[in-house]
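J.: Got a sequence here, can you build the structure:
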Amino acid sequence: MTDHALTVRPQHDASGARVLVVRGDLDYHSAPVLSGALEEQGFAPGARYVIDLSGLKYCDSTGITVMVTAYQRASAAGSRLELAGVGDDLARVFRIMGLDQVFTFAPPVAEALGEPGA
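T.: Numbers count the residues shown, from 1 in each chain. As a prediction, this is how the structure comes out:
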C-alpha cells in the first residue's frame, strides 16, 4: 500500500517568494494540514506565495476550497498567490470550474519563481 499522507513543507526562495511544497492526498481529512500551513505563512502585503502541487496525488473539493480561500486571503492582503506544478487532472477541474481564470498557474515551481533554465 502506498502512503499518500499529506505533507506540506515550507521552502524559502532567494527571490523572496514563500513556497509551500505539497505532497500526497488533499481531501476532507487532510485539508487542515494545508490550511494550517497557510495560516502559519500568513499573507503580507506585496508578498508572493507559491503553492507547489507537483507532488499532489489526489485533490477533492475540500482541497480546492482551501486553495480558493487562500487566494481570497492573499488578494485581500494585497499579496500574490500562484499554483505551480498543477497536474493535468487537477488543471482540468480548475478549467471546468472557471478557476483557471482566477489562479496563476506555472508548470514547475522553478518557472513560477523565475529561476534561470526553467
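J.: surely V19 meets A37?
T.: No: using Cβ atoms under 8 Å, V19 is not in contact with A37; the gap is 11.0 Å. Using the backbone N, CA and C atoms, a C-beta is placed for each residue, glycine as well.
J.: any common contacting residues for the two?
T.: In terms of Cβ atoms under 8 Å, 6 or more residues apart in numbering, V19 and A37 are both contacted by the residues P10.
J.: how about the residue lying closest to P45 once chain neighbours are set aside, phi and psi?
T.: Spatial nearest neighbour of P45, chain neighbours left out: G78 (4.1 Å); criterion: Cβ to Cβ, 6 or more residues apart in numbering. When read as degrees, to the nearest 10, the backbone of G78 gives phi 80, psi 20.
J.: Tell me how many other residues crowd G78.
T.: By other Cβ atoms under 10 Å, 11 other residues sit near G78.
J.: Equivalent analysis for T69, please.
T.: Here the number of neighbours of T69 (other Cβ under 10 Å) works out to 13.
J.: check contacts around it.
T.: Applying Cβ under 8 Å, 6+ apart, the residues near T69 are S35.
J.: quick check, it in a helix?
T.: Yes: the assignment for T69 is a helix, going by DSSP: H, G, I helix; E, B strand; the rest coil.
J.: Tell me what L20 is bridged to.
T.: P10, I51 (DSSP bridges).
J.: Test my guess that it contacts T7.
T.: No: counting by Cβ under 8 Å, L20 sits too far from T7 to count as a contact (10.3 Å).
J.: Please list all residues in contact with the most centrally placed residue in the chain.
T.: The residue lying closest to the centre of the chain (Cα atoms, centre = their mean) is I51, at 2.7 Å. Applying Cβ under 8 Å, 6+ apart, we find I51 in contact with 19-20, 22, 67, 70, 81-84.
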